[in-house]
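>>> need a structure here:
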Amino acid sequence: MTVRGRWSVRRYIPRRSGLYLCVGAIALVVAWGVRSTFVTDNVEFGYAGQEAHNAVGVTSGRGQLRLAYARRVRPEEALAPTGTRWARTPPQKLLSDKTFWTRAGFYASTGFRPRLQVVNVVIPHWFVALPFASVPAWHAARAVRRRWRLARGRCRKCGYDLRGTPGACPECGAAASG
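I've put the predicted structure just below:
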């Protein structure tokens, strides 16, 4: 609802913008997954703290996405440089196909040594797109339900039988269309 003279979000954001954002996110994840079959991308960010050197990385290759965290307790020798690094290599698989879950693309591992702690999580690209696919699926189900109701002479909003009152729905007040 827009009140005159006041700012309203509805005035500036389209009604189905969430749907368009989700479809765009799905397209980006699918494009990223297709790209990962041809090239492996790796982005790492390293930063040094008072007692440790930390690194966070994201690797995309062969349809899988690996999130990694490493913490190295400061030894007396020199540490790796801090900052962001980007590497592009030929395609390589991030996992071996040993169990059902690794064949499906899921994997998690931790490694704790006296001076090094590493956590890796690998998920497939389709799993990243799955939450975004729920919004378009919900919109499609709603459109099918509306068409089904109109074809059977029912109110498109509440589903009330309109055969006795063709002008408007007595239940919700919506105008009959179609």
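
>>> pull the residues that contact stretch 83-91.
36-46, 61-62 (Cβ atoms under 8 Å, 6 or more residues apart in numbering). C-beta here means a position set from N, CA and C on the backbone, and glycine is covered the same way.

>>> and it, how far out from the chain middle?
Relative to the centre of its chain, stretch 83-91 is centred 22 Å away, using Cα atoms, centre = their mean, to the nearest Å.

>>> please apply the same query to stretch 155-174.
With Cα atoms, centre = their mean as the basis, stretch 155-174 stands 38 Å off its chain's centre.

>>> and stretch 128-146, by the same measure?
With Cα atoms, centre = their mean, you get 14 Å for stretch 128-146.

>>> name the single longest helix found in the chain.
helix 125-151 (DSSP state H).

>>> mind listing what's buried along that one?
The neighbour-count check on helix 125-151 (16 or more other Cβ atoms under 10 Å) flags 125, 128-129, 132, 135, 146, 149 as buried.

>>> list buried residues within the contacts of stretch 83-91.
Applying 16+ other Cβ under 10 Å to the contacts of stretch 83-91 flags 36, 40, 42, 44, 46, 61-62 as buried.

>>> now for the protein, the helix or strand with the poorest mean pLDDT.
helix 9-12 (a mean of 57; mean pLDDT, DSSP states H and E).

>>> the next helix or strand after it vs helix 125-151, what angle?
Next helix or strand after helix 9-12 toward the C-terminus (DSSP states H and E): helix 17-36. Using axes from the mean of the first three to the mean of the last three Cα atoms, to 10 degrees, the inter-axis angle of helix 17-36 relative to helix 125-151 is 140 degrees.

>>> what residues does helix 17-36 touch?
14, 41, 60-64, 91, 125-126, 128-129, 132-136, 139.

>>> one more time with 10 Å, if that's ok
14, 16, 41, 59-65, 91, 94, 124-140 (Cβ atoms under 10 Å, 6 or more residues apart in numbering).

>>> now render the buried residues of helix 125-151 as a markdown table, adding pLDDT and distance to A168.
A markdown table is the format used below for these (pLDDT from 0 to 100; distance: Cβ to Cβ, whole Å):
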| residue | pLDDT | distance to A168 |
| --- | --- | --- |
| H125 | 85 | 48 |
| V128 | 85 | 45 |
| A129 | 84 | 42 |
| F132 | 84 | 38 |
| V135 | 83 | 31 |
| R146 | 81 | 17 |
| R149 | 78 | 15 |
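
>>> looking at those residues, which two lie furthest apart in space?
H125 and R149 (36.9 Å; Cβ to Cβ).
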